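Enquirer: Need the 3D shape of this:
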Amino acid sequence: MSRVSRVIAAVVLCWAAALLAVGAAAKSSNFSALARVDAAQSRLLQNGDSITLDLTLSQGVPYRAYTLEQAGDVPPRLVLDFREVDWQGLAPDALGPVPDITALRFGAVRPGWSRMVLDLAGPFVLDRAGMRINPDSGVAQLRISLIKADEAEFAARSGAPRDPAYDLPPPEEIVRTVPRRTGDAPLIVVLDPGHGGIDPGAERDGLSEKELMLTFARELQDVLRRDGGFEVVLTRNDDSFVSLDRRVAIAHAAGGQVFISLHADALSEGQAHGATVHLLSDSASDAATATLAERHDRDDLLAGIDLTGQDDQVAGILMDLARQETQPRSERLAQALVARIGAAELPLNSRPVRMGAFSVLKAADIPSILLEVGFLSSTRDLKNLRDPNFRARMAEAIRDGLSLWVAEDSALADLVRQ
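Expert: Residues are numbered from 1 along each chain as shown. Purely as a prediction, here's the structure:
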C-alpha cells in the first residue's frame, strides 16, 4: 500500500478505531463523554520537514484530521475535529513553538463537537494519524504527523471529507417569500449572537465579543417576549461555533421574518464608537465597513470551514430578484432601529447606517441587518457594554424600533395590495 493510501485509510478509519477503543475503555471505567487535554503531556515538534503533534487526552474520542488550502489571506491549515474535547487549561502557545505552525486555536465548533486548527507556513500533508488508548486508564495518545510537500500534492490531498456521522446534508438553495406579519400574530425575530466556540470575535480586557453578544441576545430575547408581539429564535444559545451559512439556514427553518445579527467589534482604524446598523450590499459604503465584512467572512475560514464550491451563479440571480422586495424593507428596519436608539439617547455612530458585503445578511427573503451594539475598541463603548442597565435600555430601544417597523411595514403592505 502506498504512503498516500495509508494516510487516507488512517483518516477514514480513525472514527471506527476511536469508537471501538472508547467502547472498550468505557466498560471498565466510568468516563464522561468529554475528554480533557493534558497540556503537560502534549506537544508540537518539528524536525526538518516533518511536524508532529502529540495530544494526550483523558479518554479516547472519535476524531478526524484533514488539511485545507489557502483561502484569501487565510493560510493553509490542518484541522482536527473531535467528539468532544474540553480545552480548559490549554493555552495556544503551551505546546511549544514550531517554525512552520504560525497560529493555533481551538474551541467548540458545533454542539457536541470540538475543533483544533493549526495554520501552516507552507504545504504540509498528513503522513500518519493514530490514537492509542491505555486499556487500564483509558488515557488516549493522539499523534498526527505532517511532512513537507509541493503545492500540487497539497492541493490534491486537501479538502474537508464528507462523513454522514459528522456533516449536515448538502444545503438546498430555496428562494421563497416569507409572509409578513398579519393581524395579531407575533413577529418571528431571529437573533444571531455573533461568533462563538472556536471563534471568540473581538477581545479586550478579559471580555470577548462572543460571550457579550450571547448575554445581550438572551436579554433582548426576554425583552421581546415580555412585549407579547414577538416570537424569538436564537441562532446559538451556548458557546458553540455556527457557520455563516448555518445561521441563515436556522433563520429559514424557524420561519424567521426578521434577522438581526448582533456584534461588538474592534476596529484599529479611526475612533469607531456608538451603535451602527449595517445593510447588505455588494460593495462597502466605507473602508471600516469593508474591513468588518472581510473579517466576518474570514472567521469561517479561520475556524476551518471549507468554502469551496459555495458560489452558484443561477442561485445568486434568483436571490437577487427576491432581494428587490426584501432590501427596501431591510432599509426601513435599519432606519426604525436608528430612530428609536437615538430617541432613547443612547450612543449612535456618526454614520449610523452603512452598507457592506456581509455573508450572514444574504437571506434573500428575510429583512436582515447587522447591528454593532458598540465597539470594544472604544473605551466608552466598552464601559457601556459591561453595564447591564445600558444593555437593558438598548434592548428596549431595539424592541421599540421593531414595533415601529412592524407598523410601517404592515401599512405599506396594505397599500401594495390596494
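Enquirer: hey, let's count contacts and neighbours off CA atoms from now on
Expert: OK.
Enquirer: what stretches of the chain score poorly on pLDDT?
Expert: 1-33, 163-183, 268-271, 282-302, 306-324, 414-418 (pLDDT under 70).
Enquirer: Swap in 50 and give it another go.
Expert: 1-32, 169-177, 311-315, 317-318, 321, 417-418 (pLDDT under 50).
Enquirer: domain assignment for it?
Expert: 3-156, 187-417 (automatic domain parsing).
Enquirer: Mean neighbour count added to those, as CSV?
Expert: Formatted as CSV, the domains of the chain follow (neighbours: other CA atoms under 10 Å):
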stretch, mean neighbour count
domain 3-156, 18
domain 187-417, 19
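Enquirer: quick one: which of these is nearest residue 162?
Expert: domain 3-156 (10.1 Å; CA to CA).
Enquirer: the helices in the chain, which residues?
Expert: 3-28, 151-156, 209-227, 244-253, 287-302, 313-343, 379-386, 388-417 (DSSP state H).
Enquirer: who touches stretch 111-118?
Expert: Residues from elsewhere that reach stretch 111-118 (CA atoms under 8 Å, 6 or more residues apart in numbering): 77-86, 101-109, 198, 240, 302-304.
Enquirer: quick revisit: can you put the domains of the chain in a markdown table and add distance to residue 162?
Expert: Compiled in a markdown table, those are given as follows (distance: least, CA to CA, whole Å):
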| stretch | distance to residue 162 |
| --- | --- |
| domain 3-156 | 10 |
| domain 187-417 | 11 |
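Enquirer: For residue 149, give me its contacts.
Expert: 123, 124, 125.
Enquirer: Surely the second one and residue 155 touch.
Expert: When you say that, I think you mean residue 124. No - look at residue 124 against residue 155 with CA atoms under 8 Å: they stay out of range, at 10.1 Å.
Enquirer: Quick one: the strands in the stretch 101-250 of the chain, in order.
Expert: For the stretch 101-250 of the chain, the strands defined by DSSP state E, counting those that start in this stretch occupy 101-110, 113-120, 124-133, 140-148, 187-193, 203-204, 207-208, 230-234.
Enquirer: Indicate which one of those is closest to residue 54.
Expert: That would be strand 140-148 among the strands of the stretch 101-250 of the chain, by CA to CA, at 4.7 Å.
Enquirer: what's that closest one packed up against?
Expert: Where contact means 3 or more CA pairs under 8 Å, 6 or more residues apart in numbering; DSSP states H and E, strand 140-148 is packed against strand 50-57, strand 124-133.
Enquirer: As CSV, the ones you listed with distance to residue 353 would be great.
Expert: As requested, these are arranged in CSV below (distance: least, CA to CA, whole Å):
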stretch, distance to residue 353
strand 50-57, 47
strand 124-133, 44
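Enquirer: Nearest approach to residue 376 belongs to which of these?
Expert: It's strand 50-57; of the helices and strands packed on strand 140-148, that one is closest to residue 376 (CA to CA) at 34.2 Å.
Enquirer: so what does that closest one touch, helix or strand wise?
Expert: Strand 50-57 packs on strand 43-47, strand 140-148, going by 3+ CA pairs under 8 Å, 6+ apart.
Enquirer: which one of those strands lies closest to residue 93?
Expert: That would be strand 43-47 among the helices and strands packed on strand 50-57, by CA to CA, at 9.8 Å.
Enquirer: Direction included, what does the closest one pair against?
Expert: strand 50-57 (antiparallel) (DSSP bridges).
Enquirer: From the rest of the structure, what touches the partner strand?
Expert: With CA under 8 Å, 6+ apart, strand 50-57 has contacts from 35-39, 41-46, 139-148.
Enquirer: again, only using 10 Å
Expert: By CA atoms under 10 Å, 6 or more residues apart in numbering, the residues outside strand 50-57 that reach it are 34-46, 85-86, 95, 98-101, 124-129, 131-133, 138-148.
Enquirer: That one: how far from the chain's middle?
Expert: 26 Å (CA atoms, centre = their mean, to the nearest Å).
Enquirer: What angle do strand 124-133 and it make with each other?
Expert: Put simply, strand 50-57 runs at 30 degrees to strand 124-133, going by axes from the mean of the first three to the mean of the last three CA atoms, to 10 degrees.
Enquirer: Please render the strands of the stretch 101-250 of the chain as TSV that adds distance to residue 72 to the earlier fields.
Expert: Below are the strands of the stretch 101-250 of the chain laid out as TSV (distance: least, CA to CA, whole Å):
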stretch	distance to residue 72
strand 101-110	16
strand 113-120	13
strand 124-133	18
strand 140-148	21
strand 187-193	25
strand 203-204	23
strand 207-208	25
strand 230-234	30
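Enquirer: what's the span of stretch 359-379, first residue to last?
Expert: End-to-end distance of stretch 359-379 (CA to CA, to the nearest Å): 28 Å.
Enquirer: I meant to write stretch 266-277 there.
Expert: 15 Å.
Enquirer: ditto for stretch 340-351
Expert: Terminal-residue distance, stretch 340-351 (CA to CA): 15 Å.
Enquirer: Next: stretch 52-67.
Expert: 14 Å.
Enquirer: what about that stretch, distance to the chain center?
Expert: 22 Å.
Enquirer: Relative to residue 48, how far out is residue 126?
Expert: 15 Å.
Enquirer: Also residue 137?
Expert: From residue 137 to residue 48 the distance is 34 Å (CA to CA).
Enquirer: contacting residues around the nearest residue in space to residue 363 that is not next to it in sequence?
Expert: In space, and not counting its chain neighbours, residue 363 is closest to residue 248: 6.2 Å by CA to CA, 6 or more residues apart in numbering. Neighbouring residues of residue 248 by CA under 10 Å, 6+ apart: 190, 192, 235, 242, 256, 259, 359-364, 366, 368.
Enquirer: what do you get for residue 216?
Expert: Neighbours of residue 216 in contact, by CA under 10 Å, 6+ apart: 193, 222, 262, 263, 373, 385, 388, 391, 392, 394, 395.
Enquirer: in terms of contact, does the first one touch residue 237 like I think?
Expert: Think residue 193. Yes - with contact defined as CA atoms under 10 Å, residue 193 and residue 237 form a contacting pair (8.5 Å).
Enquirer: so what's in contact with those two at the same time?
Expert: With CA under 10 Å, 6+ apart, residue 193 and residue 237 have common neighbours 214, 215, 217, 218.
Enquirer: That concludes my questions; thank you for your assistance.
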